[in-house]
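> Model the following, please.
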Amino acid sequence: MAYEPGGPPSVAARVMGQFSRLAIKGSWSSIPDTDEGLLRFQRFMEVYGRTQSVPRGVSFATEDLGTCTAEWVRAGSPDERKVLLYLHGGAYFFGTPRLYRPCTWRLSAATGRPVLALDYRLAPQHTPYDALEDALGAYDFLLRNGYSPRDIVLGGDSAGGHLTIALLLALKRR
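Next up is the predicted model:
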């Protein structure tokens, strides 16, 4: 990935991307298809997330939401009256805001908003319904903290995209 939104990937980013694909594929293929295997893969991805780098000027802060946590991501000087609630992918069993920092800081920079990256509860200890409860809790947290619904953008990738649609449907039912 590039350090600037829309910029070309650096040589280091291309090398790291290739290494990541090989490491993740190798790790995934070596774990048993059990709850313990899923937990082992989660631990591997947590360690991998620590290798993610971001440019200077990007800030991170943890937010306790009760049932889970979230991470505030701010790149540049975002408009604090608006926010993007980001729901990461990972098939509902892996992924953390730290792992998705290369994406979330770019979203903050591109949208001019702080990003609240949700660290929703994961399988095998939890269900996708628990993740939906966490997403609803994060949305309610934003409302309680003064954000207007029209100033909250929802987004996610893969399972997080599914969770985004589920959250929108749950909000519509309200």
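> so who does L118 touch?
Residues near L118 by C-beta atoms under 8 Å, 6 or more residues apart in numbering: 65, 68, 70, 85-88, 97, 134-135, 138. C-beta: built from backbone N, CA, C; applies to glycine.
> give the contact list for L65.
Taking C-beta under 8 Å, 6+ apart as the test, what L65 contacts is 118, 134, 137-138, 141.
> ah, wrong one, I meant R56
Here R56 is in contact with no residue (C-beta under 8 Å, 6+ apart).
> Start the count at 10 instead of 1 going forward.
I'll keep to 10 as the first residue from here, and by that count the last item is R65.
> where do the strands sit along this structure?
67-73, 78-84, 92-96, 124-128, 161-165 (DSSP state E).
> any chance of these in CSV, plus mean pLDDT and distance to W114?
Shown next, in CSV, are those (pLDDT from 0 to 100; distance: least, C-beta to C-beta, whole Å):
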stretch, mean pLDDT, distance to W114
strand 67-73, 97, 5
strand 78-84, 98, 5
strand 92-96, 98, 11
strand 124-128, 98, 8
strand 161-165, 98, 14
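> which one of those strands has the most crowded surroundings?
Highest mean neighbour count among the strands of the chain (mean count of other C-beta atoms under 10 Å): strand 124-128, with a mean of 28.
> Just the CA atoms of it, as CSV, please.
Extracted C-alpha coordinates of strand 124-128, given in CSV (Å, rounded to 0.1, in the frame of the first residue of the first chain):
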residue,chain,number,x,y,z
VAL,A,124,-12.7,6.3,12.1
LEU,A,125,-14.1,4.2,14.9
ALA,A,126,-12.9,0.7,14.1
LEU,A,127,-14.9,-1.8,16.1
ASP,A,128,-13.2,-4.8,17.7
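> So for the chain, the centremost residue is which one?
H97 (3.5 Å; C-alpha atoms, centre = their mean).
> Surely it touches G169?
Yes - if you go by C-beta atoms under 8 Å, H97 and G169 touch, sitting 4.8 Å apart.
> what do these two both touch?
By C-beta under 8 Å, 6+ apart, the residues touching both H97 and G169 are G104.
> sorry, back to before: out of the contacts of L127, the closest to V63 would be?
P106 (12.0 Å; C-beta to C-beta).
> and the gap between that closest one and G169?
11 Å (C-beta to C-beta, to the nearest Å).
> And G46, by the same measure?
Going from G46 to G169 by C-beta to C-beta gives 22 Å.
> Please say which of those two ends up with more neighbours.
Using other C-beta atoms under 10 Å, the more surrounded residue of G46 and G169 is G169, with 24 against 14.
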